[in-house]
Every structure is written in structure tokens, then in C-alpha cells.
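Engineer: From the sequence below, what's the structure:
(2 chains)
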Amino acid sequence: MTTQNTDAVSLEATVLRKPGLWREIRRSKMAVAGLTVTSIMVLLALFSLAGDLWEGLRALPDPKDTDLQAITQPPSGKHPLGTDDMGRDIASRIVYGSRISLSVGIVGEAISLAIGLAIGAVAGYYGGWLDNLLMRFTDIIFAFPTALFAIAVSAVFQDRTVVTLFLILGLIGWAGIARIVRGAVLSVKHHEFAEAARAIGGGDARIILRHILPNSLAPVIVAASIGVAGNILTEAWLSFLGLGLEAGVPSWGNMIRDGQQFITTKPWICLFPGLAIIMAVLGFNLLGDGLRDILDPRLRGKQVGGGP
Amino acid sequence: MESVGENNRLLEVIDLKKHFPVKRGLFSRVQGYVRAVDGISFTIGREETLGLVGESGCGKTTTGRTILRLLEPTAGDVRFEGRSVFAFNKTELRQMRRNMQVVFQDPFGSLNPRMTVGSIVGEPLAVHRVGARRERRERVKELLQKVGLPADAVNRYPHEFSGGQRQRIGIARAVALNPKFVVCDEPVSALDVSIQAQIINLLEELQEDFGLSYLFIAHDLSVVQHVSDRVAVMYLGQIVELGDAEVIYEDPKHPYTVALLSAIPVADPKTKRKRIVLPGDVPSPVNPPRGCRFHTRCKYAKDDCKTEEPKLTDRGGGHFVACFLEESPDELRRAQGEGK
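Structural biologist: Sure thing, here's the model as predicted:
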């Protein structure tokens, strides 16, 4: 009886309580720092989007405009972060790049979540041979090198757009999520409220969707936040290796690749997109760590899956 | 088999068995079975309460869950209104669940912490598509009122309530579909003594209002004594004694029942009652003792008890005992007195 009670208490700690969540985020320094950085990034992305949609709001030069009169210029009043080897404004490219990094990070993770939640929930709930089959398949995906998969996908699709990147990241990244979901489902499915739902006559779909998954989400939210950081990083190195977005697209990885030959002479071309990547990855990781401390205190200090 | 008349029977449990495989090793080889429930039979009449008592791990809870088919049985049958519960297909089982419900022991674990009280109590109605949304809302309010909760509880979450109130929520959910039979799985064991009485009174009220039958599972005999018409005593997956509640308490025949009863605290300090402390631990249900399962801890055990299994036999008036002892409880008690 005592063990059951402590069990119930710890379960409650993992649950998102509606009124207290915001206050707890504010109390966690890590979560505040992460939320600040990621919010700035979202604002930058929205800002560039607004500039595209309404001429009047455009404050930055077009990131694809080349100015051969002003190539590889150091930071100045006109170009606050300088220009690259084709005379494109680096500040503007970084702002536009935030849009690509964010969308690749978030949409890729959303695809991972959809697949990972479905596979993890089915494997954990039904168990038996189905669990074995799905989890061995998950292991295979987990062990699959991202670069190899990116080459394969690039071979199938003629051009590499953000959509192909969404697919690359989404179809690779779900394995970690599936494992976390399966574990959470295994621990929640034996709670009496799941059994009560069955006693009422509720079907499997109802029990999974209404009772088990909502109570398994805490570790998933954490992993997803850290997964966004991983996706941003993966996009950057894929683009750097030429496996990501096409050259010329203002993505942070592309910018570093463009600047690598000048890294000793004109370091700002690589430095600023590099800093942007560090900030973005750090921001989402901090947010994830902060959320973990709030949602799942038992996991404090442990490594949660996700990332490359 | 028992005192419940043929046409008044609601639930019949016939030689029910539930064994859990024990798996070990690399390829999960089955190493043996936990015989949690090992051949028990009883009936429950309409509007009757059968108390099921026994210590932790004797198979009480497993019995309740197997009857409701939350666990699949190993052998035996359960008939509800004459129809075999284990023969039902998925659709029939869903329909059957309208009539058979359960109240759980743990008021913290049995309510989904992410759902409002309104959706918890209304879920059975939603699952079985009873009435329109608005009608269901009204019915939920009615139910909450019936179990003694304020109507504004609808939009609140379980963690805002105390243990006793949560148990009321669980009870409201169980009776939402007007069931005929409810398994109460230690519904008050997790509650304060003062709250226990309130919940028991509520269960008795509901029994009258809805015409419910209860299988009341508990390890506390004094609680069971209060609510039950008849009582079954379980030991290691089997029933050792079954009879009218008064008879069991006034005239227990099985040494295990006598020992259990001696553990009930008596309010009157003048009453002197010898507490019988059973030697040893409950044997493992993986490998239960041969013969009478209680013989390892029974001070009256003879050679027969170690080899032969006593059958549950009627000692008159529907009082069933599974023991070779023929003596009356008085003689048993005197024998204990002398033994000390």
C-alpha cells in the first residue's frame, strides 16, 4: 500500500499541472535562458518573414543580393556583420538562416514525434512479438548513419530543398523518441486508471490516446526540445558537407561552407553563422534541460536521448 | 452449491483458476506458475454483498480482476446472469462491462490526473454513447451529487481533492452506467479510519438505491463484517471457509479464520481475547504445500493434512469449511488456551 502511494506521488510529479507550469519555468534559470534564446530566434525568423510579406517592413537587404563591389568586407555601419565572398550581407543571411534552421529543426522533429509516438505507444501497449519487431526495427534506424541516409535521399529526390531535409531528419530522428515513449507507456499502462478505462469498456485506441499518452508526455517533450537542437546541428553539418541545402540558400551550414576558405584571412564570414548555430543549439538544449528539471525531477543529471 | 437460491443468482464463479507464468533466463523460458487463484467457487445473489478476506498475496485482487476479465483466466468459468463471461467476444464484453464495474483501492492511482472530474465520471457514458453530450453533463452532475461531491467539481482535477473525495469520484464512475454488480477492491484500505466509515455508508446507500451486488475485497475483517451478507476467507489462492457473515464471526470453523478474527482489535478493554499469532510466513504460491495449504502454519495439523487436500464441504446452513477438524470453535479456543 505504501509503495503504491509513493508511486502515485511520483507519477503526479511528472504530470503537467496546468496552473503551476509557467511559474516553475520562471524559477528555473536554465529554462529561462533557453526560452529567451529560442524566443529571440523565433522573433528573428518572424521578422524576416514579415519583411518578405510586406515591402514596407523590410529592414534588411535581400540575402541573395550580390554586390561584387563589396565582397568580403569586415563588419561596418552598412553591413553590421560584414559581407561574404559574393558581397552578400551576412547579417541578413543569418536572419534568413534562422528561418531555415527553425523550420528544419521543428518540422523535422514534428515528423520524428509523429512516427516515434505511434511506434513507441503501439510497442509499449501491446508488448509481445509486436513490441520485439518494432523495437528491433527501431534499433536498426537508430544505428543508421545520418550522412548515408542523406546521400540516399538526395539520390532519390533530384533537388535538395528544405522538404527533403525535413524528411531526412524526420525519418531518422524518431528512433530515440520511440524508445522513450515505449518506456513511458510501459510504466503508465499498469496504473489503475488505465485499468479502470478498460473496466468501463473503453477500446485500446481510447486507452492509449486519452489515458496513457497524455501521462507519458513529460519525457517526450524534453527529448523533443533537445531533438530540435540536434536537428539544427545536423542540418548545419549536412549543408557544410554539401549534403544539405543547395548552395546559395542562406542556411547557416552553407554560410560556413562558403566562408571556410577565408577562415584565416576573413574570419567573420564563418564566425557569425557559427555563433548563430552555437546559440540556437545551446538555447534548445537549455530549454530541454530546464523542462526536464521541471517535468521529470527524477531524471535530473541524466542523459536523455535525442540529438545526433 | 450454496444458500443462494437458483433464480436469485447473479454471479457464479466455478472452479476459477488464474496462474501467472514465471519467466526467467535469456529466452524467457517459463520456469513455473504463480498459482494466484487456484480453483475457487462461489455465487453472489442479487443485491447481496459477499466479503472476500485474506492476507496480502492470497489472490483476492486477482480473483476480482479475473471475474471482470481484466485478466484472462487460466481455467474455470464465471457466469453472469447465466451467461459465461469468458465466452464473450469483444462487443459482448463491452456490453457486459455496463453491468459489472469496479472500485479500486488506490484513490490516487485510479483517476487519470490529466482529466477533469467531469470527464472521468462521464467517460463510461461517453464510451457507451449514453444520451447526448448535454444529457451526459446533467447525469454527471447528478452522480456527483449522489456521491456527495459539489457540482463545481466537474471542472476540477483529481489532485485538488482528498483521498476520500477521490474515492467518491471513483465510485461515481463505477455506478455511472447503473451496473448490477461492482467489485470493490479494498475500497477503504487506503483511507483514514474516519473516512472509511463515510465511504462504506455511501457504498451501502448506493446498494439500496441501485440494487447493487458487491464483491467486497478487504484484508480487514472488521470492515467486511460490517458490510457483508456472506464472507469468504481466502488462503493461498483457495477459499478455506465461506458462510453467512454472522456465522463466520460467531462460529468460525477453520483455524485460519479463527486466527484472522483474533487479530481484530476489541474496543472493550475488559474483553480478554487471545491473539493467535501464526508461525512462519505464507508459503510461496509458486510451490504451494501439498495436502492442506495451511498445514505448514496450523497447530492442529495431523499427518492427513500433509497429504490430503480437505474439500470445501457444507457443515450445515451454507457454512462451508475446508478443514479436517470437526471440533467446534469453543473447543478450538480452549485447546489454544491450553496450548499457551
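Engineer: So what's the residue count around residue A:180?
Structural biologist: By the measure other CB atoms under 10 Å in any protein chain shown, the count of residues near residue A:180 is 22. For every residue, glycine as well, the C-beta is placed using N, CA and C.
Engineer: Show the pLDDT at the residue of the stretch 51-200 of chain A found nearest chain B.
Structural biologist: Closest residue of the stretch 51-200 of chain A to chain B, CB to the nearest CB: residue A:192 (3.9 Å). What the model reports as pLDDT for residue A:192 is 90.
Engineer: can you check residue B:43 too?
Structural biologist: 93.
Engineer: Give me the helices and strands touching the longest helix anywhere in chain B, please.
Structural biologist: Longest among the helix segments of chain B by residue count, using DSSP state H, is helix B:193-210. Packing partners of helix B:193-210 (3 or more CB pairs under 8 Å, 6 or more residues apart in numbering or on different chains; DSSP states H and E): helix B:163-175, strand B:213-218, helix B:221-227.
Engineer: Tabulate those (CSV), appending mean pLDDT, distance to chain A and mean neighbour count.
Structural biologist: Shown next, in CSV, are these (pLDDT from 0 to 100; distance: least, CB to the nearest CB, whole Å; neighbours: other CB atoms under 10 Å in any protein chain shown):
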stretch, mean pLDDT, distance to chain A, mean neighbour count
helix B:163-175, 94, 7, 24
strand B:213-218, 94, 12, 25
helix B:221-227, 86, 14, 20
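Engineer: how about JSON lines for those, with distance to residue A:74 added?
Structural biologist: Formatted as JSON lines, the helices and strands packed on helix B:193-210 follow (distance: least, CB to CB, whole Å):
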{"stretch": "helix B:163-175", "distance to residue A:74": "67"}
{"stretch": "strand B:213-218", "distance to residue A:74": "80"}
{"stretch": "helix B:221-227", "distance to residue A:74": "84"}
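Engineer: Ok, which of the ones you listed comes nearest residue A:233?
Structural biologist: Nearest to residue A:233, of all these, is helix B:163-175, at 45.7 Å by CB to CB.
Engineer: picking up where we left off before, wait, the residue of the stretch 51-200 of chain A closest to chain B touches residue B:109, no?
Structural biologist: Yes. Counting by CB atoms under 8 Å, residue A:192 touches residue B:109, with 4.4 Å between them.
Engineer: out of those two, which sits in the busier spot?
Structural biologist: Using other CB under 10 Å as the criterion, residue A:192 and residue B:109 rank with residue B:109 on top: 25 against 22.
Engineer: I'd say residue B:47 and residue B:214 touch.
Structural biologist: No. At 9.2 Å, residue B:47 and residue B:214 do not qualify as touching, with contact defined as CB under 8 Å.
Engineer: Return every residue with contacts to both of these two.
Structural biologist: residue B:207 (CB atoms under 8 Å, 6 or more residues apart in numbering or on different chains).
Engineer: quick one, helices of the chain?
Structural biologist: Reading this off chain A. Here chain A has its helices, by DSSP H, at A:2-14, A:21-27, A:29-53, A:90-126, A:128-143, A:146-156, A:162-188, A:192-200, A:204-206, A:217-240, A:252-259, A:268-295.
Engineer: Correction: the question concerned chain B.
Structural biologist: Under DSSP H, chain B gives helices at B:60-67, B:90-97, B:117-127, B:133-146, B:163-175, B:193-210, B:221-227, B:245-250, B:255-262, B:303-307, B:329-339.
Engineer: mind checking which of the ones you listed is nearest residue A:138?
Structural biologist: Nearest of the helices of chain B (CB to CB): helix B:90-97, 29.2 Å.
Engineer: Show me how far the closest one is from its chain's centre.
Structural biologist: Chain-centre distance of helix B:90-97: 22 Å, with CA atoms, centre = their mean, to the nearest Å.
Engineer: So that helix, near chain A or not?
Structural biologist: Yes. Helix B:90-97 lies within reach of chain A by CB under 8 Å from any CB of the partner chain, at B:93-95, B:97.
Engineer: Select from those residues the one having the most neighbours.
Structural biologist: residue B:97 (24 neighbours).
Engineer: Contact partners for it?
Structural biologist: A:199-201, B:68.
Engineer: cool, residue B:102 as well?
Structural biologist: Counting by CB under 8 Å, 6+ apart, residue B:102 touches A:196, A:199, B:64-65, B:68, B:70, B:174, B:182-185.
Engineer: Quick one: distance of stretch A:271-280 to the chain centre.
Structural biologist: Using CA atoms, centre = their mean, the offset of stretch A:271-280 from its chain centre is 16 Å.
Engineer: For that stretch, list every residue counted as buried.
Structural biologist: Burial within stretch A:271-280, assessed by neighbour count using 16 or more other CB atoms under 10 Å in any protein chain shown, is assigned to A:271-274, A:276-277, A:280.
Engineer: Now the two most distant members of the residues you listed.
Structural biologist: Farthest pair in the buried residues of stretch A:271-280, by CB to CB: A:271 and A:280, 15.0 Å.
Engineer: Those residues of the stretch 51-200 of chain B touching chain A, which are they?
Structural biologist: Residues of the stretch 51-200 of chain B lying near chain A (CB under 8 Å from any CB): B:65, B:68, B:70, B:93-95, B:97-98, B:100-102, B:104-106, B:108-115, B:123-124, B:127-128, B:157, B:159, B:170, B:173, B:177, B:189-190.
Engineer: Now, of these, which are buried?
Structural biologist: Of those, these count as buried by 16+ other CB under 10 Å: B:65, B:68, B:70, B:93-94, B:97-98, B:100-102, B:104-106, B:108-115, B:123-124, B:127-128, B:157, B:170, B:173, B:177, B:190.
Engineer: Stretch B:131-149: which residues count as buried?
Structural biologist: Within stretch B:131-149, the residues that count as buried by 16+ other CB under 10 Å are B:136, B:139-141, B:143-144, B:146-149.
Engineer: May I see the residues you listed organised as CSV, with distance to residue B:78 and pLDDT added?
Structural biologist: As requested, these are exported to CSV (distance: CB to CB, whole Å; pLDDT from 0 to 100):
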residue, distance to residue B:78, pLDDT
B:136, 30, 93
B:139, 29, 93
B:140, 30, 94
B:141, 34, 94
B:143, 27, 94
B:144, 31, 95
B:146, 29, 92
B:147, 28, 93
B:148, 32, 92
B:149, 32, 93
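Engineer: Determine which two of these are furthest apart.
Structural biologist: B:136 and B:148 (20.3 Å).
Engineer: doesn't residue A:124 make contact with residue A:183?
Structural biologist: Yes. Contact criterion CB under 8 Å: residue A:183 and residue A:124 qualify, at 7.2 Å.
Engineer: returning to what we had before: dump the contacts of residue B:102 to JSON lines, plus distance to residue A:176.
Structural biologist: Shown next, in JSON lines, are those (distance: CB to CB, whole Å):
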{"residue": "A:196", "distance to residue A:176": "31"}
{"residue": "A:199", "distance to residue A:176": "34"}
{"residue": "B:64", "distance to residue A:176": "39"}
{"residue": "B:65", "distance to residue A:176": "35"}
{"residue": "B:68", "distance to residue A:176": "38"}
{"residue": "B:70", "distance to residue A:176": "33"}
{"residue": "B:174", "distance to residue A:176": "40"}
{"residue": "B:182", "distance to residue A:176": "43"}
{"residue": "B:183", "distance to residue A:176": "41"}
{"residue": "B:184", "distance to residue A:176": "43"}
{"residue": "B:185", "distance to residue A:176": "38"}
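Engineer: and which of those is nearest residue A:165?
Structural biologist: residue A:196 (44.0 Å).
Engineer: Just give me the neighbour total for the closest one.
Structural biologist: 27.
Engineer: list the contacts for the closest residue in space to it that isn't next to it in sequence?
Structural biologist: Spatially, and ignoring its direct neighbours in sequence, residue A:196 is nearest to residue B:110 (5.5 Å; CB to CB, 6 or more residues apart in numbering or on different chains). Going by CB under 8 Å, 6+ apart, residue B:110 touches A:192-193, A:195-196, B:104, B:166, B:170.
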